[in-house]
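**Student:** Here is a sequence with its predicted model. Questions after.
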Amino acid sequence: MEQRFELIHRTSFQQFCTDFIFKSPDKIFKSLIYIGCLQMKEIKVWEHVLKWGLVQNQTLISDPDTWIDEIFKMMGNNLQNCIPLIRFFSLSSKEFLHEVSLHNKIFEPSAL
């Protein structure tokens, strides 16, 4: 009976977690960035944050060279809660220059 009880509660908890992830993936994503438990370089975290921001609006094109100010503003809105969680100080100057500065308009106050 004890094993059955454990199985039922484990299955219920697993379903709860699955439902939560499905309904609120942004909360999981932001929490993982916040607690810093990701086993990846910060530049990869930045790249994944950008990808996440892009899929929040399927019509966005991934090439920032083609973006107009409105798209930068939209991305800034999508990422406003994630950007403060990125540890930019961990990036090399080369990484920052080649990966982050391309998206500098996201950081403008009018975009956030």
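**Tutor:** Structure received.
**Student:** CA only for contacts and neighbour counts going forward, please
**Tutor:** Will do.
**Student:** any idea how far L32 is from C82?
**Tutor:** Here C82 is placed at a distance of 11 Å from L32 (Cα to Cα, to the nearest Å).
**Student:** More neighbours: those two, which one.
**Tutor:** C82 (20 against 13; other Cα atoms under 10 Å).
**Student:** Please report how far the more buried one lies from K27.
**Tutor:** C82 sits 11 Å away from K27, going by Cα to Cα.
**Student:** Output the helix or strand hosting K51 as CSV - backbone C-alpha positions only.
**Tutor:** Using DSSP states H and E, K51 sits within helix 42-55. Taking C-alpha atoms only, helix 42-55 is exported to CSV below (Å, rounded to 0.1, in the frame of the first residue of the first chain):
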residue,chain,number,x,y,z
GLU,A,42,27.1,33.3,-20.2
ILE,A,43,27.3,34.1,-24.0
LYS,A,44,25.2,30.9,-24.6
VAL,A,45,22.7,32.1,-22.0
TRP,A,46,22.5,35.4,-23.9
GLU,A,47,22.0,33.6,-27.2
HIS,A,48,19.2,31.5,-25.7
VAL,A,49,17.5,34.6,-24.2
LEU,A,50,17.5,36.2,-27.6
LYS,A,51,16.1,33.0,-29.2
TRP,A,52,13.4,32.9,-26.5
GLY,A,53,12.6,36.6,-27.2
LEU,A,54,12.3,35.9,-30.9
VAL,A,55,9.9,33.0,-30.5
